[in-house]
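Trainee: can you look at this prediction? I've put the sequence above it.
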Amino acid sequence: MWRVKNLRAYEATSSSLLSFFVLFILLAALFFIPIADAQSSVSLYYFYGEDCSHCKEVMVSMEELEEKFPEIEVHKLEISYNATNSELFNAFIQAYNPPAVDIPAVFIGNKSLIGYELTEEKLENEIEFCLQNECSDPLSIIKGKEERQSSLLIMLIGTALIEGINPCGFAVLIVLLASLLLVSSKRRVLYVGLAFIASVFVTHLFVGFSIMEFYLLSGMSPIMRAIVIVIVIPAGIINVLDFWRDKPTLAIPAFLKPQLGKLASYVSLPAAMLLGFLSTIAGLPCTGPLYLTMLDLIADVPSKTVLYLLLYNLFYALPLFVILAIVYKGTSLEEAEEWRKGKRRYMKLIGGLVMLALVIAMLLGVV
């Protein structure tokens, strides 16, 4: 009776969490639209160093431009001896992501002119453009970037949990635990189960790093985003259709399932680690498009790529820890498998809806 109550409580908690994360992802993806403040005058941020000879030459040009264009508002910020200005400069660099980091540096609208690229002619052209097109204050761009990063972090955690709550990974873990409970103590069940989860985490993380490295080094961000959209749209539609058909289309290939089951029967640490690797690779069709979408978004924040990938994969592996914990605490595997089968359709529906929501947000330019 305790096991049934425990499983029912877990079902209610899991269903609530799933609903919460789906709603949160949809709202964050579709309604988080940064708002740029249009300016009647043009704001320009000029960063320089007290001991920089080139900066002094640019300063003369800057003063001439101020006289020529009284509409511009120039913020002159010395960074060599001013820590506050230096921090602000770093924030501009992270937001604009220029090809080089140097001074003198000017940020105007959505453009940056750095080092010897900063000439009076180029700067004058940018000022005239902004006077005609009402460019936003660069500070609003920084704030928008920070807000997008906060939204991305929330989306990242929610999407990782949704990807982690997938029937493919649960099925393999349950088969492994079933084999373990037949021949091993509960302590060994815990050790081998943790080895399996660690292998899943490392494999999934390695896949993410590999895709991300190609993504960043290829220099084809727009093309890569188009490829992601082309892959994720049909995957999302298929997952939604699978909900109505109650038949998984994107799943571990049928010919691999017997091999994975046989490997699980060896109930050893090496076998569990190999099983974690193989099941993660084979299970990518299940919810891999979600991962691919988030990798595209993470690529927009190169300075935090490693941190975001680690966080994503920690939360991706978290549902497997939950399954292992409830089985270790006493819930029978029959009950856990019954729950998995009962919720499989809804897992597919949630995954499909989140895929489509993220793609729509990408197409609208929201994320």
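Mentor: Looks like it arrived, so ask away. Numbering: from 1, shown residues only.

Trainee: where's the residue most central in space within the chain, which helix or strand?
Mentor: Centroid-nearest residue in the chain, with C-alpha atoms, centre = their mean: residue 294, separated by 3.8 Å. Using DSSP states H and E, the element containing residue 294 is helix 284-298.

Trainee: heading C-terminal from that helix, find the next helix or strand.
Mentor: Heading C-terminal from helix 284-298 (DSSP H and E), you reach helix 305-329.

Trainee: for the closest residue to residue 291 other than its chain neighbours, what are its contacts?
Mentor: Using C-beta to C-beta, 6 or more residues apart in numbering and skipping the chain neighbours, the partner closest in space to residue 291 is residue 163 (6.0 Å). To be clear about C-beta, it is placed using only N, CA and C from the backbone, and glycine gets the same treatment. By C-beta atoms under 8 Å, 6 or more residues apart in numbering, the contact list for residue 163 reads 287, 290, 291, 316, 351.

Trainee: one more: residue 64?
Mentor: Counted by C-beta under 8 Å, 6+ apart, residue 64 has contacts residue 120.

Trainee: again, but for the one 4 residues further on
Mentor: Counting by C-beta under 8 Å, 6+ apart, residue 68 touches residue 124.

Trainee: for it, report the pLDDT, please.
Mentor: Looking at residue 68, its pLDDT stands at 88.

Trainee: distance of it relative to residue 120?
Mentor: Distance of residue 68 to residue 120, computed by C-beta to C-beta, to the nearest Å: 10 Å.

Trainee: what separates stretch 124-144 from the chain centre, distance-wise?
Mentor: 29 Å (C-alpha atoms, centre = their mean, to the nearest Å).

Trainee: count of residues packed around residue 102?
Mentor: 15 (other C-beta atoms under 10 Å).

Trainee: shouldn't it be in contact with residue 115?
Mentor: Yes: between residue 102 and residue 115 there is a contact at 3.7 Å, judged by C-beta atoms under 8 Å.

Trainee: quick one: the strands in the stretch 1-150 of the chain, in order.
Mentor: 42-48, 72-78, 105-108, 111-114 (DSSP state E, counting those that start in this stretch).

Trainee: so what strands line up beside the second one?
Mentor: Sheet partners assigned to strand 72-78 using DSSP bridges are listed as strand 42-48 (parallel).

Trainee: okay, the partner strand in CSV with CA atoms only?
Mentor: C-alpha atoms of strand 42-48 as CSV (Å, rounded to 0.1, in the frame of the first residue of the first chain):
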residue,chain,number,x,y,z
VAL,A,42,21.7,59.6,-30.6
SER,A,43,23.6,58.2,-27.7
LEU,A,44,27.2,57.3,-28.2
TYR,A,45,29.6,55.6,-25.7
TYR,A,46,33.3,56.2,-26.1
PHE,A,47,35.7,54.1,-24.1
TYR,A,48,39.3,55.2,-23.9
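
Trainee: need the mean per-residue confidence for that strand.
Mentor: Rounded mean pLDDT across strand 42-48 is 91.

Trainee: so what touches that strand?
Mentor: So strand 42-48 is contacted by 55, 58-59, 62, 69, 71-79, 85, 89, 92, 103-109, 127, 130-131, 135, 137-139 (C-beta under 8 Å, 6+ apart).

Trainee: any of those buried? List them.
Mentor: Buried members of the contacts of strand 42-48, scored by 16 or more other C-beta atoms under 10 Å, are 55, 58, 62, 69, 72, 74, 77-79, 85, 89, 92, 103-109, 127, 130, 135, 137-139.

Trainee: I'd like the strands of the stretch 1-150 of the chain as TSV, with distance to residue 278 appended.
Mentor: TSV is the format used below for the strands of the stretch 1-150 of the chain (distance: least, C-beta to C-beta, whole Å):
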stretch	distance to residue 278
strand 42-48	52
strand 72-78	55
strand 105-108	49
strand 111-114	47
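
Trainee: got the residue ranges for the helices in this structure?
Mentor: Counting by DSSP state H, the chain has helices at residues 2-31, 53-68, 83-96, 120-133, 138-164, 167-183, 186-218, 221-245, 257-264, 269-282, 284-298, 305-329, 333-363.

Trainee: pull the contacting residues for the nearest residue to residue 194 once chain neighbours are set aside.
Mentor: The spatial neighbour of residue 194 that comes closest, neighbours along the chain excluded (C-beta to C-beta, 6+ apart), is residue 324 at 7.2 Å. By C-beta under 8 Å, 6+ apart, the residues touching residue 324 are 173, 177, 190, 193, 194, 197.
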